[in-house]
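Asker: 3D model of this:
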Amino acid sequence: MERHMAAPLSAQDINELKAGDYVYISGTIYTARDAAHKRMDEALKHGENLPLDLENNIIYYMGPSPARDGRPIGSAGPTTASRMDKYAPALLDLGLKGMIGKGKRSDSVKEAIIRNGAVYFAAVGGAGALLAQSIKSSEVIAYDDLGTEAIRKLEVENFPVIVVIDAEGRDLYQSAIKEFCTLK
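Answerer: Numbers count the residues shown, from 1 in each chain. Now for the predicted structure:
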């Protein structure tokens, strides 16, 4: 099914999503990769506040290339999500409702998605230039010293993603294997 959604996400929108749905997101999302996740984890361990409010928000696992003249951002393809798996459950427990990346997630992330009524989306790897066309603005909001791994606030319009793990734990990667592959 094809859906259009506003970010931050609402519980109603998330509950309507099913693994395999095509979604076009418009609104505000944030970027963070390995180094930013590690720094947020350290802040939480020291009882410090995070540099962004996670409540109902989406984090896109992406580090952009430099912007060309007249563009807010360069190529903006997804990073392998499993690299953030050790940090994701804690962030989901703090109100994060969506993650965008590529690739499979661990069982602990799937459990946190179900526990928190969240969703994991995939963006198409190798399509960074195309994905960047949906990004209308980009602003570094934290950890500027991390360069491309700084946390950015993005305004997106019709950003294309696919639901991989929905709030009930259905996993597109697992169901696709069962549906389309046979063993001889």
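Asker: Strands of the protein, start to end?
Answerer: For the chain, applying DSSP state E gives strands covering 2-7, 22-31, 58-60, 98-101, 119-122, 135-142, 151-165.
Asker: got these as JSON lines, with mean neighbour count columns?
Answerer: All C-beta atoms are positioned from the backbone trio N, CA, C, and that covers glycine. Below are these laid out as JSON lines (neighbours: other C-beta atoms under 10 Å):
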{"stretch": "strand 2-7", "mean neighbour count": "15"}
{"stretch": "strand 22-31", "mean neighbour count": "19"}
{"stretch": "strand 58-60", "mean neighbour count": "27"}
{"stretch": "strand 98-101", "mean neighbour count": "26"}
{"stretch": "strand 119-122", "mean neighbour count": "24"}
{"stretch": "strand 135-142", "mean neighbour count": "15"}
{"stretch": "strand 151-165", "mean neighbour count": "21"}
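Asker: And Asp85, how close does it get to Tyr120?
Answerer: Noted for Asp85: a distance of 11 Å to Tyr120, by C-beta to C-beta, to the nearest Å.
Asker: Gly20 now?
Answerer: From Gly20 to Tyr120 the distance is 13 Å (C-beta to C-beta).
Asker: Now do the shared contacts for these two.
Answerer: Contact with both Gly20 and Tyr120 is made by residues Val163, according to C-beta atoms under 8 Å, 6 or more residues apart in numbering.
Asker: Just put the strands of the chain in JSON lines and tack on distance to Leu44.
Answerer: Output for these, formatted as JSON lines (distance: least, C-beta to C-beta, whole Å):
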{"stretch": "strand 2-7", "distance to Leu44": "23"}
{"stretch": "strand 22-31", "distance to Leu44": "16"}
{"stretch": "strand 58-60", "distance to Leu44": "15"}
{"stretch": "strand 98-101", "distance to Leu44": "17"}
{"stretch": "strand 119-122", "distance to Leu44": "21"}
{"stretch": "strand 135-142", "distance to Leu44": "14"}
{"stretch": "strand 151-165", "distance to Leu44": "14"}
